[in-house]
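> Give me a model of this one.
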Amino acid sequence: MKVELTNKYVIGTHVMWFEIEMFTDFIDGMINLMETVEDREKVTIDLCFNLSQKLEKIDKTKILIDGYNGLLEKFENGVHRLQKVHPDVKWRVHDGDDFYFHADYRRDLNYNYCKKVDYVMWGETDSFFPKEAFQVIETLSKYTKEQNIHRYLLSFADRKMWDSSWDPLVHVDYESHVFVDDDKGHLNPNQAKSLMSIEKMNEINAKADEFDFTYITSPKISGACLVLSSDLIKCGVNIPPCLIYNDDEGLSVMSEKLLGQNFIQFICKNILHVHARRHPNKRLYVVGEDNPHSFIGKKNPNFQKLLNFSKQNIQTLITGQGKFYEYNDLEKILETS
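Model prediction:
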């Protein structure tokens, strides 16, 4: 049975060029989601394909197709396939000689759409929304309106995560699993980060007769498949411009700063989303790298400098002490290295 929507939505996803071999899986997941919707005109899909080489360079010797143009062709093929199911796909290509990353895209997405839709949904190239996502949101929306709750986040459940602080977000089927932190952890099907097929996700979620909602009052945010109410963004909660990476952590800090004890994050404990953080095709065609699973420590030195600046900015944001690093600071460091 297809769901009829009472709310308006945007699903926004930033796609880096080195993620292009995951894009087919992502499109499959979006089709799986959109096929459940009756009135699809209430959903906008926003995609940004980022061809910037400010941090990573394209290794054309590793690409069997025509380098830059071949990457774009693969992206466009995916978009066209999605448009057969859902015509309202807005997409653009970012190929300027500037710094523009995940956090920048999501900040812009939140700001640009919060007055146009009721919910902003964060997609990721390595993730699948559950096909029940809209039904879950519509059910929660009815409850929150009745309770006069308008500013909140919604997370779908995940598999077992790396420490107990994430247990509130773990799906009921995986709560008893003990997380094993070793070099094969990303291959364990019971743990977050590993692959799972759309079919397996659908099978797990089909067991839910009704939705099991719970909530927390301190943010625990994993950005993949996160749902933000537009009123949350309208009150000022967004990724602050000082954040050049760590977008979900920045959103957490600002949520606590602005909402304090009024913060609320709902979790649907028996509806699973998939976030394959160590997808085997997550980071390909990068000069000087052999890191398809995108392990943080194996990313190139330029990325490590970006990450270091972002971590320092997070601490500055939390403490209120010191000056934020900006992209021009990163530019200077990269020029001298």
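
> What residues does the residue nearest the centre of the chain make contact with?
For the chain, the residue lying nearest the average C-alpha position, counting by Cα atoms, centre = their mean, turns out to be residue 224 (3.0 Å). For residue 224, the contacting residues are 122-124, 126-127, 273, 275, by Cβ atoms under 8 Å, 6 or more residues apart in numbering. Backbone N, C-alpha and C define where each C-beta goes, glycine included.

> same check, this time on residue 289
Counting by Cβ under 8 Å, 6+ apart, residue 289 makes contact with 56, 283, 298-300.

> Give me the buried entries from those residues.
If you count burial by 16 or more other Cβ atoms under 10 Å, the buried members of the contacts of residue 289 come out as 56, 283, 299.

> Pull the number of nearby residues for the closest residue to the second one other than its chain neighbours.
It refers to residue 283. Nearest non-adjacent residue to residue 283, counting by Cβ to Cβ, 6 or more residues apart in numbering: residue 294, 4.0 Å away. Number of residues near residue 294 (other Cβ atoms under 10 Å) recorded here: 21.

> by contact count, what packs against the longest helix anywhere in the chain?
The single longest helix within the chain, with elements called by DSSP state H, is helix 301-319. Counting contacts by 3 or more Cβ pairs under 8 Å, 6 or more residues apart in numbering; DSSP states H and E, helix 301-319 is packed against helix 247-259, helix 327-336.

> by how many degrees do it and helix 247-259 diverge?
Orientation of helix 301-319 against helix 247-259 (axes from the mean of the first three to the mean of the last three Cα atoms, to 10 degrees) gives an angle of 10 degrees.

> picking that back up, how close does the residue nearest to the centre of the chain get to residue 114?
Taken as Cβ to Cβ, to the nearest Å, the spacing of residue 224 relative to residue 114 amounts to 20 Å.

> And residue 36, by the same measure?
With Cβ to Cβ as the criterion, residue 36 and residue 114 are 24 Å apart.

> When those two are compared, which one has more neighbours?
Neighbour comparison, residue 36 and residue 114: the larger count goes to residue 114, with 22 against 16 (by other Cβ under 10 Å).

> From residue 258, how far off is the more buried one?
Remark: distance between residue 114 and residue 258 (Cβ to Cβ) = 14 Å.

> can you check residue 125 too?
Note on residue 125: its distance to residue 258, by Cβ to Cβ, is 29 Å.

> which of these two has more neighbours?
The residue with the greater number of neighbours, taking residue 125 and residue 258 and applying other Cβ under 10 Å, is residue 125; the counts read 24 against 15.

> mind checking pLDDT for the nearest residue to that one once chain neighbours are set aside?
Excluding its sequence neighbours, the residue lying closest to residue 125 (Cβ to Cβ, 6+ apart) is residue 19, at 4.5 Å. Taken from the predicted model, the pLDDT recorded for residue 19 is 97.

> Equivalent analysis for the one 5 residues further on, please.
The model reports residue 24 with a pLDDT of 97.

> what does residue 64 give?
With respect to pLDDT, residue 64 has a value of 65.

> Please apply the same query to residue 244.
88.

> Contacts only, for it.
Residues in contact with residue 244, defined by Cβ under 8 Å, 6+ apart, are 99, 101, 103-104, 306, 309-310, 313, 325-327, 330.

> just residue 35 next, same as before
Under the contact definition (Cβ under 8 Å, 6+ apart), the residues listed for residue 35 are 85, 131.

> any idea how far residue 134 is from it?
From residue 35 across to residue 134, the span is 11 Å (Cβ to Cβ).
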